[in-house]
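A.B. asks: need the 3D shape of this:
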Amino acid sequence: MTCGVGYFLFSDVFSPDSKTAHFNRATTAIRKSPECQRLLGPGSEIAAHGEASWSRWARNRYITSSTEIDKWGTEHLRFRFYVEGPLGQGVVHVHLTKRPSQNEYEYHTLAVDVKGHQRVYLENADGKTGGKVAPKIFGARWW
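C.D. replies: Sure, this is the predicted structure:
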């Protein structure tokens, strides 16, 4: 029983690949971003949290997330959480990918939506390639 609890704590909280670790990294990137500070307020005053609870007494605010593996074996981890500061509040969308040849996730998208403003992209893999996909040669993408 103790080993099971220890494994659960390591995999969900302390592991570098856990959702909690990715949430903390994304929150740190948002707090350091000058664009986010302009929309939300000083980085030290930006708070991040998960979904609102149905109970006023409950303090748990879970982070909505999903994990899937596409037909090429690439793992996709997507999650959403909320940020707020003295100047405003927003919704953060995170999409991480890990190819079969990689050991760690890398950001595909890290974006902040603040009502009344354009979406702020801190990471955008689609923007780097212009949304273009490599051509297929003999039915496979080689790069």
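A.B. asks: C-alpha from now on. contacts and neighbour counts both.
C.D. replies: OK.
A.B. asks: and the helices in the chain?
C.D. replies: Using DSSP state H, the helices of the chain run over 2-9, 19-32, 34-40, 125-129.
A.B. asks: may I see the buried residues of the second one?
C.D. replies: Within helix 19-32, the residues scored as buried using 16 or more other Cα atoms under 10 Å are K19, T20, H22, F23, A26, T27, A29, I30, R31.
A.B. asks: mind checking pLDDT for the closest residue to E45 other than its chain neighbours?
C.D. replies: Setting aside the residues directly before and after it, E45 is nearest to G85 in space (Cα to Cα, 6 or more residues apart in numbering), at 5.8 Å. You'll see G85 listed with a pLDDT of 92.
A.B. asks: was I right to think G85 contacts S44?
C.D. replies: No - the pair G85 and S44 fails to qualify as a contact (Cα atoms under 8 Å) at a distance of 9.1 Å.
A.B. asks: ok, these two, which is more surrounded?
C.D. replies: For G85 against S44, the residue with the higher neighbour count under other Cα atoms under 10 Å is G85, and the figures read 19 against 11.
A.B. asks: ok so, going back, and Q89, which of the helices of the chain is closest to it?
C.D. replies: Taking Cα to Cα, helix 34-40 is the member of the helices of the chain nearest to Q89, at 6.3 Å.
A.B. asks: go through that closest one and flag the buried ones.
C.D. replies: Taking 16+ other Cα under 10 Å as the basis for neighbour counts, the residues of helix 34-40 that come out buried are C36, Q37, L39, L40.
A.B. asks: and which of those is nearest E68?
C.D. replies: C36 (29.0 Å).
A.B. asks: surely that closest one is in contact with A29?
C.D. replies: No - applying Cα under 8 Å, one finds C36 not in contact with A29, separated by 9.4 Å.
A.B. asks: distance of the residue positioned nearest the centre of the chain from L40?
C.D. replies: The residue lying closest to the centre of the chain (Cα atoms, centre = their mean) is V94, at 2.8 Å. The spacing between V94 and L40, counted by Cα to Cα, to the nearest Å, is 18 Å.
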